[in-house]
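Student: Turn this into a structure:
(2 chains)
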Amino acid sequence: MSDSKKEQHNHSTSIPHDTVLSAYRRIKTIRAFEDRLHDDYKTGTVPGFAHLYAGQEATAVGICSHLTDQDQIASTHRGHGHSIAKGVDVVAMMKEIYGRQGGICHGKGGSMHIADLNKGMLGANGILGAGAPLACGAALADKLAGKGHVAIVFGGDGGVNEGAVLESMNLASVWKLPLMFVVEHNGYAQSTPQHRTTSVSNYEDRAKGFGMASATVDGLDFFAVYKTAGELIQKMRAGHGPVLLECRTTRFYGHFEGDSQVYRPTGEVENARKNHDCLKLFAESASKIGISPKELEQVDHEVAELIDRAVQEALKAPYPALGELHNGVYVSY
Amino acid sequence: MTRHITLKSAINEALDQEMARDPKLLIFGQDTAGGVEAGGVADTWGGVLGVTKGLYTKYGDRVIDAPPTEMAYVGAAVGAALAGVPVVAEVPFIDFMGVCLDQLLNQAAKIRYMFGGTAEIPLVIRTMVGAGINGAAQHSQMLTSMFTHIPGLKVICPSTPHDAKGLMIEAIRDKDPVIFCEPKFFYDVSGTVPAEPYTIPFGQARVAKAGEDVSIVTYGPMVPRALEAASQLEQQGVSAEVIDLRTLSPLDLTTVLNSVRKTGRLVAADEAHPRCNMATDIIAQVTEQCFPSLKTAPQMVSAPHTPVPFSPVLEKAYIPGVEQIITAVTKTMTSPS
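Tutor: Have a look, this model is predicted:
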């Protein structure tokens, strides 16, 4: 057993059985949701475009497993995983992506704008880096309320170079906000490799520049993410200022659905799927802490049913009434 | 009780009374308090032209100095509002909106709609508009119509201390993002203002002066100029009605159409550049909706399509003034129908 495996095992022992199973269910749900969308996009039944989160699930779930509905997250264009990890209704998400009535945003947001304020999900975002200032505001509201709630903003290794994010790191530090900047380092900004977009290879160097505490973790290892994120979130709840957490991860699908990823080296994705799949790693670790394969299979079965049902309901749901066009604005001209 | 106070004081009073009414309300901006913790006198600035002066002393940490990073603090204001904490944030000059535009254009304006109508953004962005203080090209623009173009933003531009106070209180109590444009050239002009809090509903233009022969439709810094023009025209035997739009989005077209139906003539004036401004929009809508009432072709008064020049001589030539309004009115009184 390598040191890192030992470490992983140690992380996992302290987590309650129910928490582990619930995390597995969310990771599996995200994977199944994205795999299904990947297949269905090819059939032409899903309108628009989507950026799939498959491969990165352990990061979203490892962090969001510590959050309540009162804690708030701001997501990215690759937001399905964050939404499911935060507890947004999967059927309503699927309807939204299909542009149907009953969608979580009434069919008016689509994949890139899924939001559920009741779940503390402040929205996916079509603009890179734009969630960071919003999350500063949410964190300020949390700080003023004084109840120990926190905010999390997710960003990719490319997107966190946006001025909005860098300005927000400074603002969060000056205002001592309970805000975690999560850098999901999957190696690519769209098609461009990380070293061509970012002046540092380690985002903790950025955190130092803003006087922020930080950590780097294997984003494929749920138990490692859960442990490190938990410690940082605990500090923030206790009144500590902002933190940065870099999660090293990988992206199974292209930047968007339809991106064939020919820019990636031959075998990279296959290797990631075979040797660095967070779902497989999870199952291996879970078995060591007494979770039986049967329990996981039961979850797999239920998740498959849920995703099937979500797609069926989305396809059955009518499109929004045309009157919906003018709802949600203050004038009708 | 009604007193004579300046436009700047009227806005300060509105902020003060709303801060007292709603303990959750926050104010952010650059130098909003100003000079706090520098070692000298605290609360000396109150924003770059002093509109929030004194509020830090009264409300302490609810008046928050932000770093000069508009995108971060305007975005934080949007996020706080989304999380249920109302905010008035100051972007000192509307010219600086380019730095934070994404947070207004793509976030604040669209969140309610793209989230299916479920979100509220109780946010006011205070900003200063207009030329006349030798601020040059990047501190003088009239970019009101740019924001009016964007669904989801409300756009306000008062011309009097009375309207400034009532519209600011309305803006703070509104649940949508409001771009509150303050005509800085008239900050120190006084007018009658009731001492108690009051609101002026959005989407209601004001007849600033009644008249019979021609309708001058305008807003903000052009209103005092239109009133002066109307007064000079009166001596020439022309009775001009002056409409102050007050709120640019939502727009009160009914008051405009009723006026033009009565007078049959229209001059629309905007201190903005000539293409796609409020005046072009008013002329288009009046032409479309009450063409048969028009006795002569509508006329537009605007700034030229140039950046705002610095030299006082050039700036004076740039700003559309009383003379241009009188010339435009004269054209409507003489041009063939």
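Student: Chain neighbours aside, what residue packs nearest to the residue of the stretch 151-300 of chain B found nearest chain A?
Tutor: Residue nearest to chain A within the stretch 151-300 of chain B: B:Pro250 (4.8 Å; CB to the nearest CB). Yep, even glycine has a C-beta here, placed from its N, CA and C like the rest. Leaving aside its sequence neighbours, B:Pro250 sits nearest to B:Gly203 (CB to CB, 6 or more residues apart in numbering or on different chains; 4.0 Å).
Student: Distance check, the residue of the stretch 151-300 of chain B closest to chain A against B:Pro151.
Tutor: 11 Å (CB to CB, to the nearest Å).
Student: How about A:Glu231?
Tutor: Taking CB to CB, one finds A:Glu231 at 44 Å from B:Pro151.
Student: for chain A, what spans make up the helices?
Tutor: Ranges of helices in chain A, per DSSP state H, are A:3-13, A:17-43, A:57-64, A:80-85, A:90-97, A:131-145, A:163-174, A:204-209, A:222-237, A:268-275, A:278-288, A:293-316.
Student: looking at the ones you listed, which is closest to B:Ile5?
Tutor: Among the helices of chain A, the nearest to B:Ile5 by CB to CB is helix A:131-145 (31.5 Å).
Student: Is that closest one positioned near chain B?
Tutor: Yes: for helix A:131-145, a contact with chain B is found by CB under 8 Å from any CB of the partner chain, at A:132-142, A:144.
Student: ok so, going back, make sure the residue nearest to B:Pro250 is actually in contact with B:Leu251.
Tutor: Yes: B:Gly203 lies in contact with B:Leu251 (CB atoms under 8 Å); the separation is 7.1 Å.
Student: Which residues of the stretch 151-300 of chain B lie near chain A?
Tutor: When proximity is defined by CB under 8 Å from any CB, the stretch 151-300 of chain B lies next to chain A at B:151-152, B:154, B:176, B:249-251.
Student: at 7 Å what do you get?
Tutor: When proximity is defined as CB under 7 Å from any CB of the partner chain, the stretch 151-300 of chain B approaches chain A at B:151-152, B:154, B:176, B:250.
Student: Show the buried residues in those.
Tutor: Neighbour counting by 16 or more other CB atoms under 10 Å in any protein chain shown classes B:152, B:154, B:176, B:250 among those as buried.
Student: is it possible to export those residues to a markdown table including pLDDT?
Tutor: As requested, these are exported to a markdown table (pLDDT from 0 to 100):
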| residue | pLDDT |
| --- | --- |
| B:Gly152 | 97 |
| B:Lys154 | 98 |
| B:Asp176 | 97 |
| B:Pro250 | 98 |
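Student: So which residue is smack in the middle of chain B?
Tutor: Residue closest to the average C-alpha location in chain B (CA atoms, centre = their mean): B:Cys157, at 1.7 Å.
Student: which residues does the residue of chain B positioned farthest from its centre contact?
Tutor: Centroid-distance maximum for chain B: B:Gly39 at 35.9 Å, with CA atoms, centre = their mean. With contacts defined as CB atoms under 7 Å, 6 or more residues apart in numbering or on different chains, B:Gly39 has no neighbours.
Student: got it, and the one 10 residues further on?
Tutor: Contacts here follow CB under 7 Å, 6+ apart; on that basis B:Leu49 touches B:128, B:184, B:187.
Student: Now A:Ala304: closest residue in space that isn't a chain neighbour?
Tutor: Using CB to CB, 6+ apart, the closest residue to A:Ala304 is A:Ala32 (6.3 Å).
Student: which ones are touching the closest residue to chain B within the stretch 201-333 of chain A?
Tutor: The stretch 201-333 of chain A approaches chain B most closely through A:Gly328 (3.7 Å), counting by CB to the nearest CB. With contacts taken as CB under 7 Å, 6+ apart, A:Gly328 has the following neighbours: B:112-113, B:116-117.
Student: for chain B, what spans make up the helices?
Tutor: B:7-21, B:55-59, B:70-82, B:97-102, B:109-114, B:144-148, B:161-173, B:222-235, B:253-263, B:278-290, B:312-318, B:322-334.
Student: Mean pLDDT and mean neighbour count for those helices - can I get that in a markdown table?
Tutor: Output for the helices of chain B, formatted as a markdown table (pLDDT from 0 to 100; neighbours: other CB atoms under 10 Å in any protein chain shown):
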| stretch | mean pLDDT | mean neighbour count |
| --- | --- | --- |
| helix B:7-21 | 98 | 21 |
| helix B:55-59 | 95 | 18 |
| helix B:70-82 | 97 | 30 |
| helix B:97-102 | 95 | 19 |
| helix B:109-114 | 96 | 24 |
| helix B:144-148 | 98 | 23 |
| helix B:161-173 | 98 | 24 |
| helix B:222-235 | 98 | 21 |
| helix B:253-263 | 98 | 18 |
| helix B:278-290 | 98 | 18 |
| helix B:312-318 | 93 | 13 |
| helix B:322-334 | 97 | 18 |
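Student: Could you report the separation of the one residue in the stretch 151-300 of chain A that gets nearest to chain B from B:Thr52?
Tutor: Using CB to the nearest CB, the closest approach of the stretch 151-300 of chain A to chain B is made by A:Glu167 at 3.5 Å. From A:Glu167 across to B:Thr52, the span is 22 Å (CB to CB).
Student: Those two - which one has more neighbours?
Tutor: Each of A:Glu167 and B:Thr52 has its neighbours counted (other CB atoms under 10 Å in any protein chain shown); B:Thr52 has more, 29 against 25.
Student: Tally up the residues packed near residue 38, please.
Tutor: The chain I'm using is chain A. Look at A:His38: counted by other CB under 10 Å, it has 18 neighbours.
Student: ah, no, chain B please
Tutor: B:Ala38: 9 neighbours (other CB under 10 Å).
Student: hang on, isn't the residue of the stretch 151-300 of chain A closest to chain B packed against B:Val74?
Tutor: No: A:Glu167 lies out of contact with B:Val74 (CB atoms under 7 Å); the separation is 10.1 Å.
Student: how near is the residue of the stretch 151-300 of chain A closest to chain B to B:Gly46?
Tutor: Relative to B:Gly46, and taking CB to CB, A:Glu167 is found at 24 Å.
Student: Tell me the one of the contacts of B:Leu49 nearest B:Ile326?
Tutor: Nearest member of those to B:Ile326, counting by CB to CB, is B:Lys184, at 25.0 Å.
Student: Setting aside sequence neighbours, what's the nearest residue to that closest one?
Tutor: Excluding the flanking residues, the one nearest B:Lys184 by CB to CB, 6+ apart is B:Met128, at 4.1 Å.
Student: ok, what's across the strand from the one you found?
Tutor: When bridges are taken as DSSP bridges, the partners of B:Met128 come out as B:Phe93, B:Glu182.
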